[in-house]
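Peer 1: missing the sequence, but the structure's below:
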């Protein structure tokens, strides 16, 4: 449910989403988050931008028996897949999936005890509008939960094959910030929206705003035997293999952020070579890498009537 009309149902995006969701949260943290949110049997929750229904399927066990999960997404193929997955879900919850946009959710006021979004606001030109809709469909006294990252340029990532000097780091930061601001200027969302969510919640009238953070650490240590490391390895190789597919999109973001054509070409070639070095080391089983990023889960309560 992004403003840029990305086809999230195409085979590549489908595979990426499915793989990432497998390793997004540690199971023990999901249990703690469920307790923190305060799920009860019989709750109704709404998941805006539900995609394949991951959030509802993850938290359904904590609302069983009698829970109801309503997923909303604009992409018909994703909703069909969500219905198929929900039909196989254990427990005693019901699932409904409806077509709709984040800016105009097709549900009545005060439908649910909790309304969720996960990695939705980051893709929207007007995230506050979507948050206002989430508040509207939440019952008085209920909770609104936003799970969003702050993928600011320069997020911590170590790869043993690189030996960056000061100029390398400044060049990379300048390029990434240009593309970041250009993406926003083109109405394609804010990849760093996560850190702004508490302020947005406050402005939307929510109270008792609290936060938690994903505990997951992404790591590669040879011989990459753990399932999560296998996934990370596939992701790096796949991203590099398909690098040219999003070249024009990155170029347009960079130029919209005030960058220069000549600098873009030079940077793209230089860092493409760096990428080849990393993939080669990974395939030889010689790459060590560590990264975390900032992935928040925010909770705000709608005031009681």
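Peer 2: Arrived safely. Computed from a predicted model, the values in this text were never measured in an experiment. Residues are numbered from 1 along each chain as shown.
Peer 1: rest of the way, CA atoms for contacts and neighbours
Peer 2: Noted.
Peer 1: now the strands for this protein?
Peer 2: Under the criterion DSSP state E, strands of the chain are mapped to 44-48, 68-73, 94-99, 112-118, 138-149, 157-159, 207-213, 218-220, 289-291, 295-301.
Peer 1: Compile the ones you listed into a markdown table and extend it with columns for mean pLDDT and mean neighbour count.
Peer 2: Conversion of the strands of the chain to a markdown table gives the following (pLDDT from 0 to 100; neighbours: other CA atoms under 10 Å):
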| stretch | mean pLDDT | mean neighbour count |
| --- | --- | --- |
| strand 44-48 | 98 | 27 |
| strand 68-73 | 98 | 24 |
| strand 94-99 | 97 | 18 |
| strand 112-118 | 98 | 25 |
| strand 138-149 | 98 | 24 |
| strand 157-159 | 85 | 13 |
| strand 207-213 | 97 | 15 |
| strand 218-220 | 91 | 20 |
| strand 289-291 | 89 | 15 |
| strand 295-301 | 97 | 23 |
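Peer 1: Present these as CSV; the columns should include distance to residue 170.
Peer 2: Output for the strands of the chain, formatted as CSV (distance: least, CA to CA, whole Å):
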stretch, distance to residue 170
strand 44-48, 38
strand 68-73, 39
strand 94-99, 44
strand 112-118, 32
strand 138-149, 23
strand 157-159, 15
strand 207-213, 28
strand 218-220, 24
strand 289-291, 19
strand 295-301, 24
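Peer 1: Helix or strand with the lowest mean pLDDT in the protein?
Peer 2: helix 11-22 (a mean of 63; mean pLDDT, DSSP states H and E).
Peer 1: From the domain annotation, what segments belong to each domain of the protein?
Peer 2: The chain breaks down by automatic domain parsing into domains covering 11-150+191-215+295-301, 157-181+222-287.
Peer 1: pLDDT below threshold where in this structure?
Peer 2: Applying pLDDT under 70 to the chain flags residues 1-21, 154-156.
Peer 1: ranges for the helices of it?
Peer 2: Using DSSP state H, the helices of the chain run over residues 11-22, 27-37, 54-59, 76-87, 127-136, 166-185, 197-203, 227-241, 247-256, 261-283.
Peer 1: Can you say which of the domains of the chain is packed in most?
Peer 2: The highest mean neighbour count among the domains of the chain, using mean count of other CA atoms under 10 Å, belongs to domain 11-150+191-215+295-301: a mean of 19.
Peer 1: Run the chain-centre distance for it.
Peer 2: Taking CA atoms, centre = their mean, to the nearest Å, one finds the center of domain 11-150+191-215+295-301 at 11 Å from the center of the full chain.
Peer 1: Ok, stretch 212-219 next?
Peer 2: The answer for stretch 212-219 is 13 Å, by CA atoms, centre = their mean.
Peer 1: ends of that stretch, how far apart?
Peer 2: End-to-end distance for stretch 212-219: 21 Å, by CA to CA, to the nearest Å.
Peer 1: who touches it?
Peer 2: Under the contact criterion CA atoms under 8 Å, 6 or more residues apart in numbering, stretch 212-219 has outside partners 24-26, 29, 229, 232, 288-292, 294-298.
Peer 1: I'd like to know which of those residues is nearest to residue 104.
Peer 2: Relative to residue 104, the closest of those is residue 298; by CA to CA it sits at 21.8 Å.
Peer 1: give me every residue that touches that closest one.
Peer 2: By CA under 8 Å, 6+ apart, residue 298 lies in contact with 145, 146, 147, 197, 198, 209, 210, 211, 212.
Peer 1: looking at the helices of the chain, which is closest to residue 118?
Peer 2: Between residue 118 and the helices of the chain, the shortest gap by CA to CA is with helix 54-59, which sits at 7.6 Å.
Peer 1: Contacts only, for the residue most central in space within the chain.
Peer 2: In the chain, the residue lying closest to the centroid (CA atoms, centre = their mean) is residue 119, at 3.1 Å. For residue 119, the contact set (CA under 8 Å, 6+ apart) comprises 147, 148, 149.
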